[in-house]
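**Q** Just to be clear, the model below is a prediction. Sequence and coordinates:
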Amino acid sequence: MEILIERGYVDFIRLDSGGQANVYKTMKDGKQYAIKVVQVDLNKPQAKLDKDLKRELTIMHGLRHPNCMAVVDLFRTRIRVYIVMNFMPNGNIGNRVRKSGPLCEWNVKCWWPPIVRAVRYLHLNKIAHRDLKLDNILLDQHFNPIVSDFGFSRFIELDDNGQQLPLNETFCGTLSHHSPQMLMRQPYLPFGVDVWCLGIMFFIMLNQKYPFEKREGKQRMYQRQMEKDYHLKPEIKTKVSQQATQMIDFLLEPNQTLRPNVDQICQHPWFPIAHLQLELKEQLRKKNKIEFIE
């Protein structure tokens, strides 16, 4: 921790650990931060290592969206990379759902649309996240959802018609969130994978349980995905709106060429109109540089 102390960071508390990274809560100049310390795998070819790290850090360093985690500071040594971010004091949505149960539809309407808007921002900038899950949606001091963990994200190439090119080299993310194509190691549309994950998150927020369980095995999971064989708990189904169940069906489309994009999600009848109006305001700001009085 010497290098962190030299840069003015103090009072380290480990928040999470796993794989090649640890996350610490720390203080600097009276403000709280989170520092992700990535252990460099010296057994990995240096060219591959630099490419992977550079891609993740380039993406994170360029993000400018209120619902995407931004990098505050960044530095590295030969064996470690240090990524400094704002501290999110209210944990993540995944833990809240596991501990407290499913969310009421009103709460889902507060949290899920900003997540969609963040993903829309990523896709507009040709970035696919590829590991969207509720554990990666943090809550700031005002309980705003913040998309985090861009370790599997990457820039996406488009063809001459502006369509995303499929990927077939890297199959990543969390198994219980895998789309049918990702699950069966088939070429997949990366933005479509993100939309599928949005559907999984939407389902879990309402239902607490996953629509497809990894313990079933890949073949059974795939069969149920293709048949749209998922069910809300009976006590949940009677409480959620018909538009919410239609949204689930809309998102968990097994055919990736028919799966909606984020713009179509924002136009769905369930999507709160206030968030749609905010999207239109942002578009006008960018095109015409109009200042709005909020």
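**A** Alright, I've got the coordinates.
**Q** Sketch out the helices for this protein, chain order is fine.
**A** 2-6, 46-62, 93-100, 105-124, 180-183, 190-207, 218-226, 234-237, 242-251, 262-266, 273-288 (DSSP state H).
**Q** Any idea how many residues pack against residue 183?
**A** Counted with other Cβ atoms under 10 Å, residues neighbouring residue 183 total 20. Backbone N, C-alpha and C define where each C-beta goes, glycine included.
**Q** related to what we said a few turns ago, can you check which of the helices of the chain gets nearest to residue 149?
**A** helix 46-62 (9.5 Å; Cβ to Cβ).
**Q** tell me the average confidence for that closest one?
**A** In this model, helix 46-62 has a mean pLDDT of 75.
**Q** Verify the contact between residue 66 and residue 144 for me.
**A** Yes: Residue 66 is in contact with residue 144 according to Cβ atoms under 8 Å; the separation is 7.2 Å.
**Q** ok, and the closest non-adjacent residue to the residue nearest the centre of the chain?
**A** Per Cα atoms, centre = their mean, the C-alpha nearest to the average position across the chain is that of residue 132, at 3.3 Å. The spatially closest residue to residue 132, leaving aside those adjacent along the chain, is residue 197, at 3.8 Å (Cβ to Cβ, 6 or more residues apart in numbering).
**Q** same question, residue 57
**A** Excluding the flanking residues, the one nearest residue 57 by Cβ to Cβ, 6+ apart is residue 74, at 6.3 Å.
**Q** Repeat that for residue 230.
**A** residue 211 (3.6 Å).
**Q** give the contact list for that neighbour.
**A** 200, 203, 204, 230, 248, 252 (Cβ atoms under 8 Å, 6 or more residues apart in numbering).
**Q** how near is residue 209 to residue 40?
**A** Residue 209 is 38 Å from residue 40, where distance means Cβ to Cβ, to the nearest Å.
**Q** Same question for residue 166.
**A** Distance of residue 166 to residue 40, given as Cβ to Cβ: 31 Å.
**Q** the more surrounded of these two?
**A** The neighbour count for residue 166 versus residue 40, taken as other Cβ under 10 Å, is higher for residue 40 (17 against 14).
**Q** avg pLDDT for stretch 12-27?
**A** pLDDT averaged over stretch 12-27 gives 87.
**Q** Equivalent analysis for stretch 176-193, please.
**A** For stretch 176-193, mean pLDDT rounds to 92.
**Q** list the buried ones in that stretch?
**A** By neighbour count on 16 or more other Cβ atoms under 10 Å, the buried set for stretch 176-193 is 176-184, 188-193.
**Q** Ok, stretch 245-265 next?
**A** Applying a neighbour-count criterion of 16+ other Cβ under 10 Å, one finds 245, 247-248, 250-254, 256, 259-260, 262, 265 buried in stretch 245-265.
**Q** quick revisit: which one of the helices of the chain lies nearest to residue 85?
**A** helix 46-62 (8.3 Å).
**Q** circling back to that earlier point, ok, so of the buried residues of stretch 245-265, who is nearest residue 58?
**A** Nearest to residue 58 out of the buried residues of stretch 245-265 is residue 262 (Cβ to Cβ; 22.0 Å).
**Q** so what's that closest one up against?
**A** Residue 262 makes contact with 116, 119, 120, 123, 191, 194, 195, according to Cβ under 8 Å, 6+ apart.
**Q** Hmm, the first one is touching residue 199, no?
**A** Put plainly, it is residue 116. No: the criterion here is Cβ under 8 Å, and residue 116 misses it with residue 199 at 10.9 Å.
**Q** Endpoints of stretch 140-148, how far apart?
**A** 12 Å (Cα to Cα, to the nearest Å).
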